[in-house]
Structure formats: structure tokens, C-alpha cells
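Peer 1: One predicted model, sequence on top.
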Amino acid sequence: MLEKLRVIKTRYDELTKLVNDPEIIARQNEWRAYMKEQSGMTEMINAFDRYEKVLGELSGLREALTEKNDPEFREMLELEIDELTEQVEEIETEIKRLLIPKDPNDEKNVILEVRAGTGGNEAALFAAELFRMYTRYAERQGWKAEVLSASESDLGGYKEVIVLIEGRGVYSKLKYESGVHRVQRIPLTESGGRIHTSTATVAVMPEAEEVDVEIDQNDLRIDTFCSSGPGGQSVNTTYSAVRITHIPSGVVVSMQDEKSQIKNREKAMRVLRARLLEIEESKQAAEQSENRRGLVGTGDRSERIRTYNFPQNRISDHRIGLTTHRLEAFLDGDLNEMIDSLTTSDQMEKLQKA
């Protein structure tokens, strides 16, 4: 660990010289890249400095202990040594956490898709509740949520809804939400009072920039058609809706919420890039499957991750065994306890492997 830290310290010192070099400062893009790299190391360097300082103090006390024969003085030194030893262990744990490789997507915005699964209209209503839960959570975090596409069901639920969530560290918080969410409750349409089980699928994808995913325009088939949804005559009588097919992968994205064909095309391309990035990262993850087996699961959309039990006012996350009886607050976007627990479990597992 010390060897890793010294390498990081050497690089940090190099970056300090670079960001203060007038020639580098004149090349703003290069200077910003170095500043960003150095900023990402600051917390680690501060921990390393504290670590070296405490180790130095501890070494001095141990040396003094060998030279002193006074029992009272030795007892005092031993107490100080015990306190510093605890500090060393705490700092070592912090450093190990900081040494865990960061997910390069953590600071990205996300494209979040919620789709009704098994359960018909009840599943669509549950999908709408999940959508509201995530948008309320976004509000609490100070993020911006923009609906890109929505397909409503007969009773006011969603067959599918796609939303762009923008803000600081969005993916780092929401990435554990991908998977199958299950609800158990008595539907409003159930006259016999029986509990039904329905599902909705959530997919959380980091928003991909053009530099993240290279798309050959020759690989795209773009069709336009008249929108079928609400929006007035202009929506229904002009070819504003867009369907983009990425021929090599077979991924199809349709967008019709905007009256402008250009805006629909822009939105569809954002979703397409995110889906293609997810496909590429899933391939890489499959090749490194050992790294994907963890307490928080694989994030696969086919994996049942959580159950929402209304009769028992209970939410259970099956990956980490966490149960809470705050269903109403949870569905109103109070997700911090769950997300913090998932993040901690993930970090603990990675620490054990480090």
C-alpha cells in the first residue's frame, strides 16, 4: 500500500508543477485536464500526509518507550501509543477505500428507463409510482429531471417512461437501481381482496457523450412518421416522430413527444448512445464477471432486486438483505438510507478483494 501511495504522491507533485507552469496555463484544455486529475488525488494525498505524520509520531513514542524506565511515564507512553495505533488503523481503512478504483461513469448524468412488467395495468401503475419516486429523489438531491419519452396506459400508469436526470454524481447514486422491482398489494380493481404480484423493470444508464460512443451514420436507419400521442393537430398531422435503428446492434429508439422532428431526433440519439454504451460495458463486464459478482448484484435488468409489500408496509432489498418499513416515505423519494447501504456494501466487498 505504501508503494502505491508513494507513486500517487510523486504524480501529484508532478501535477503541481504542471498546473503552475505558464506554458501549460496558456493551453487551457491541457491545464484543465491536469487540474481535474490533481483534484481527484487531493483527498488521497491529505490522507497519506496524515498517515505519515501519525506513523512518525508513533515511531518516536516507541523509541522513547525503550529508553524510559519510569513506570508512570511508560504507562503514559503506552496509552498514547494505543491511541495513535487506533488512528493508524482508521487512516489505513480510509486509504484502502480511496484506493478502490472509481467508476468512470459515477459523475455522469443518467438516462433512466422504467417499463411495466408482468401484471398488466397494475404493473403500469407501479411503473408510474417508481417514476415518481425517482423524480422526487432527484428533486431532493437538487438534480434536474426531463422526460424524454412516455407511453401511458389506460388507467394513468406507464407502459414505458424514459427520463434524463442531470446533476452532480447522479450515476454514482442511481446505478444500483437497475433490475426488476416487484410489488405486492391488493389492486384497486380487485374485488376479492386478493394480493397480486406485479413487476416493473428499471434500467439506469450513464448518459454517453459522442466521444464515449462512436456511431457511424451509415449504420443508422432513420424513419419519420406521424405521432400518435397527445399534442394537438400539429403533432398528429406532421412527420415529427422519429425512429432510429442502429443496424449492427438491432437497437431501436422511437421518440415522438416533441412537435419538432429535430428535437425528437436529438432525444433519440441521446438514448441510443446510452443504450449502446450499456451494451459495450455489459460485454466488458461479462469478460470480467468476477468483478461483477457482489452484494449489490450485477445490475442486470432480469435480476429481481427489491420487493415493495404494501400490506406489510415493507420494502426489502434482496441483494443486501435490508428491510425498511417506511414504504410511503420511500416512494416519496426518501431513498438515502437504501442507496447509502448499497454503496457501503459495494465498497466493503471491494475492500475485501483489494
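Peer 2: Sure, I can see it.
Peer 1: Provide a list of residues in contact with the closest residue to G193 other than its chain neighbours.
Peer 2: Spatial nearest neighbour of G193, chain neighbours left out: I186 (5.8 Å); criterion: CB to CB, 6 or more residues apart in numbering. Backbone N, C-alpha and C define where each C-beta goes, glycine included. Shown in contact with I186 (CB atoms under 8 Å, 6 or more residues apart in numbering): 193-196, 310-311.
Peer 1: got it, and A47?
Peer 2: Residues near A47 by CB under 8 Å, 6+ apart: 91, 94-95, 98.
Peer 1: what about 10 Å?
Peer 2: Residues in contact with A47 (CB atoms under 10 Å, 6 or more residues apart in numbering) are 5, 91-92, 94-95, 97-99.
Peer 1: Nearest to E207 among the contacts of I186?
Peer 2: F310 (33.1 Å; CB to CB).
Peer 1: what about the closest one, neighbour count?
Peer 2: Neighbour count for F310, taken as other CB atoms under 10 Å: 15.
Peer 1: tell me which residues form a beta bridge with the closest residue to it other than its chain neighbours?
Peer 2: Closest residue to F310 apart from its sequence neighbours, by CB to CB, 6+ apart: R185 at 3.5 Å. Legend: beta-bridge partners of R185 under DSSP bridges are H196.
Peer 1: For R185, which residues are in contact?
Peer 2: Counting by CB under 10 Å, 6+ apart, R185 makes contact with 122, 125-126, 195-198, 308-312, 327.
Peer 1: Turn the contacts of I186 into TSV, columns for pLDDT and distance to G156.
Peer 2: Conversion of those to TSV gives the following (pLDDT from 0 to 100; distance: CB to CB, whole Å):
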residue	pLDDT	distance to G156
G193	79	22
R194	88	22
I195	90	22
H196	91	18
F310	95	18
P311	94	23
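Peer 1: ranges for the strands of the stretch 151-300 of the chain?
Peer 2: Under the criterion DSSP state E, counting those that start in this stretch, the stretch 151-300 of the chain carries strands at the ranges 158-166, 179-185, 196-206, 220-225, 241-246, 251-255.
Peer 1: Show me what the mean pLDDT comes to for the first one.
Peer 2: On average, the pLDDT along strand 158-166 is 93.
Peer 1: ok, and for that strand, which residues are buried?
Peer 2: 158-165 (16 or more other CB atoms under 10 Å).
Peer 1: Using PDB, write out every CA atom in that strand.
Peer 2: Output of strand 158-166 as PDB, limited to C-alpha atoms (Å, rounded to 0.1, in the frame of the first residue of the first chain):
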ATOM      1  CA  TYR A 158     -46.900   4.000 -17.700                       C
ATOM      2  CA  LYS A 159     -46.100   1.200 -20.100                       C
ATOM      3  CA  GLU A 160     -42.700   2.900 -20.500                       C
ATOM      4  CA  VAL A 161     -41.200   6.100 -19.400                       C
ATOM      5  CA  ILE A 162     -37.700   7.400 -20.200                       C
ATOM      6  CA  VAL A 163     -36.200  10.300 -18.200                       C
ATOM      7  CA  LEU A 164     -32.900  12.200 -18.300                       C
ATOM      8  CA  ILE A 165     -31.600  13.100 -14.900                       C
ATOM      9  CA  GLU A 166     -28.800  15.700 -14.700                       C
END
